[in-house]
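Trainee: One predicted model, sequence on top.
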Protein chains: 2
Amino acid sequence: MSTTDRSLRFIGVVRSPLRSRHDAPRQGDEGGPAAWLEIDEPYAAALQGLAVGDAILVLTWLHQADRDVLDVHPRGDRNRALTGVFATRSPDRPNPIGLHQVTVLGIGAGSRLEVHPLEAIDGTPIIDIKPVLPRTAER
Amino acid sequence: MSTTDRSLRFIGVVRSPLRSRHDAPRQGDEGGPAAWLEIDEPYAAALQGLAVGDAILVLTWLHQADRDVLDVHPRGDRNRALTGVFATRSPDRPNPIGLHQVTVLGIGAGSRLEVHPLEAIDGTPIIDIKPVLPRTAER
């Protein structure tokens, strides 16, 4: 693999009652609902070892974001000073990667995981899943 | 932007005394050194608001990873059962995105940030920087 290989592989998709950015809370812990992660069959083997109750990080590709935005008013509040997007969690940024900490509620047939809470909208591509790391001494 | 736009923009590069995967610890808190994040000039405005002492998440593109690996022995220990990569922090995974929590030690001229600890090797492309979120009540 060379550094010129910079194309993401979409490994699955979010299925959620949230249908638009307008409906979505800014962070999962601000009222994000339960949602399903539908993982594509070629990647099913990579889920082996995940269990109900696990805390995981879901990385998504926020496909409706504006990649040319470099600064924003934090949380859309015009009373707050313009701030560089790398100092905020704005979805609008050069690489609109969403990072969501969720708990696995259930594991369904066909490589589906139910998770909670998730603020990503229905149809958002999934690009990675990682375990939340325990403290060093527990690894 | 459409969902067909899935090409990452490299926003900068890691400058580190670590020269190879063999030298690197598995996680930053297992002895990762201080390193510099050299952010490319077109993205300098996106750093505005970051300060010395901030806890940030650095997302990198682990350009030496094998993207076709779906399961591994955790931490390379063959006494541990093969586990799906989404249940591990293996760099080998469909989208080899490194996620590193570090502290900003210094801010240099030319859009450079010194951070600690970082286990990514010299030359690793940087794809995003996010603040570590405070508790909901503090936002």
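Mentor: Thanks, I have it.

Trainee: contacts and neighbour counts: CA atoms only from here.
Mentor: Fine.

Trainee: Let me know whether residue A:43 touches residue B:69 as I believe.
Mentor: No. The criterion here is Cα atoms under 8 Å, and residue A:43 misses it with residue B:69 at 9.9 Å.

Trainee: Which one's more surrounded, the two?
Mentor: The neighbour count for residue A:43 versus residue B:69, taken as other Cα atoms under 10 Å in any protein chain shown, is higher for residue A:43 (20 against 17).

Trainee: Model confidence for that one, exactly?
Mentor: Per-residue confidence (pLDDT) for residue A:43: 98.

Trainee: so who does the nearest residue to it once chain neighbours are set aside touch?
Mentor: Residue nearest to residue A:43 in three dimensions, not counting chain neighbours: residue A:11, with 6.5 Å by Cα to Cα, 6 or more residues apart in numbering or on different chains. Going by Cα atoms under 8 Å, 6 or more residues apart in numbering or on different chains, residue A:11 touches A:39-40, A:43, A:125-128, B:94.

Trainee: quick one: which of those residues sit in strands?
Mentor: Judged by DSSP state E, strands contain the following of the contacts of residue A:11: A:39, A:125-128.

Trainee: List the buried residues of stretch A:109-126.
Mentor: A:111-126 (16 or more other Cα atoms under 10 Å in any protein chain shown).

Trainee: Count the residues that sit near residue A:84.
Mentor: Residue A:84 has 23 nearby residues by other Cα under 10 Å.

Trainee: and it, what are its phi and psi?
Mentor: phi -60, psi 140 (degrees, to the nearest 10).

Trainee: quick one: it from chain B, how far?
Mentor: 4 Å (Cα to the nearest Cα, to the nearest Å).

Trainee: Identify the spatial nearest neighbour of that residue, chain neighbours not counted.
Mentor: residue B:46 (3.7 Å).

Trainee: how many other residues sit next to that neighbour?
Mentor: Burial of residue B:46 is recorded as 24 neighbouring residues (other Cα under 10 Å).

Trainee: Now do the SS call for it.
Mentor: Classification of residue B:46 using DSSP: H, G, I helix; E, B strand; the rest coil returns helix.

Trainee: Which element is encountered next along the chain beyond whichever strand in chain A runs longest?
Mentor: What stands out as the longest strand in chain A, according to DSSP E, is strand A:97-108. Scanning forward in sequence from strand A:97-108 by DSSP states H and E, the next helix or strand is strand A:112-116.

Trainee: neighbouring contacts of that next one?
Mentor: So strand A:112-116 is contacted by A:28, A:32-39, A:102-108 (Cα under 8 Å, 6+ apart).
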